[in-house]
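Engineer: model this:
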Amino acid sequence: MDRNRLHRIPHKDPVSGGELFISELTSEETGITIRGNFEIPRYARLDPDQIEFLEIFLKSRGMLNGVERELGISYPTAKARLDTLLNALGLTPYETKERGDKLSGKRKQILEQLEKGEITAEEAKRKLGVLS
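Structural biologist: Numbers count the residues shown, from 1 in each chain. Got it, this is the predicted structure:
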């Protein structure tokens, strides 16, 4: 089958905007047809720019500097596009969540020390500034 004849899988009903599903798969080689309700993979829901970014990111083995070079964009732009891609896939980066949890705990600890009078306001300000 000529892959250029294939269309992208629509994932929204053009009339109602509701979700679609795949109901039939066919093998051109054997003629077999499989019918049922199949989920559209979340990666098939990406737009062409997101697919290109994902492929370059994977070819770069997850290194944003490789994405920067390949696309001719800055690191902040590459990072923002990665965040957009993660959001489109419904994924939350591990490090952001873990780092946020750790920082949140440290901030809370500093504020508790301040509240108990264990440190001064200046010390708390300095310690909180280091965490940012």
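Engineer: C-alpha only now, for contacts and for neighbours.
Structural biologist: Will do.
Engineer: all helices for the chain, in order.
Structural biologist: 48-59, 64-71, 75-88, 94-115, 121-131 (DSSP state H).
Engineer: Figure out which of the ones you listed is closest to K12.
Structural biologist: K12 lies closest to helix 75-88 among the helices of the chain, at 14.7 Å (CA to CA).
Engineer: which residues are in contact with that closest one?
Structural biologist: L46, Q50, F53, L54, L64, N65, V67, E68, T92, P93 (CA atoms under 8 Å, 6 or more residues apart in numbering).
Engineer: ok and that helix relative to helix 48-59, angle-wise?
Structural biologist: Interaxial angle of helix 75-88 relative to helix 48-59 (axes from the mean of the first three to the mean of the last three CA atoms, to 10 degrees): 110 degrees.
Engineer: Enumerate the positions of helix 75-88 that are buried.
Structural biologist: A78, R81, L82, L85 (16 or more other CA atoms under 10 Å).
Engineer: Please export the C-alpha coordinates of it as PDB.
Structural biologist: Provided in PDB are the C-alpha atoms of helix 75-88 (Å, rounded to 0.1, in the frame of the first residue of the first chain):
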ATOM      1  CA  TYR A  75      16.800  26.000  24.500                       C
ATOM      2  CA  PRO A  76      13.800  27.800  26.100                       C
ATOM      3  CA  THR A  77      11.800  27.300  22.900                       C
ATOM      4  CA  ALA A  78      12.700  23.600  22.700                       C
ATOM      5  CA  LYS A  79      11.800  23.200  26.400                       C
ATOM      6  CA  ALA A  80       8.500  25.000  25.800                       C
ATOM      7  CA  ARG A  81       7.700  22.800  22.800                       C
ATOM      8  CA  LEU A  82       8.500  19.700  24.900                       C
ATOM      9  CA  ASP A  83       6.100  20.900  27.600                       C
ATOM     10  CA  THR A  84       3.400  21.500  25.000                       C
ATOM     11  CA  LEU A  85       4.000  18.000  23.700                       C
ATOM     12  CA  LEU A  86       3.800  16.500  27.100                       C
ATOM     13  CA  ASN A  87       0.600  18.400  27.800                       C
ATOM     14  CA  ALA A  88      -0.900  17.200  24.500                       C
END
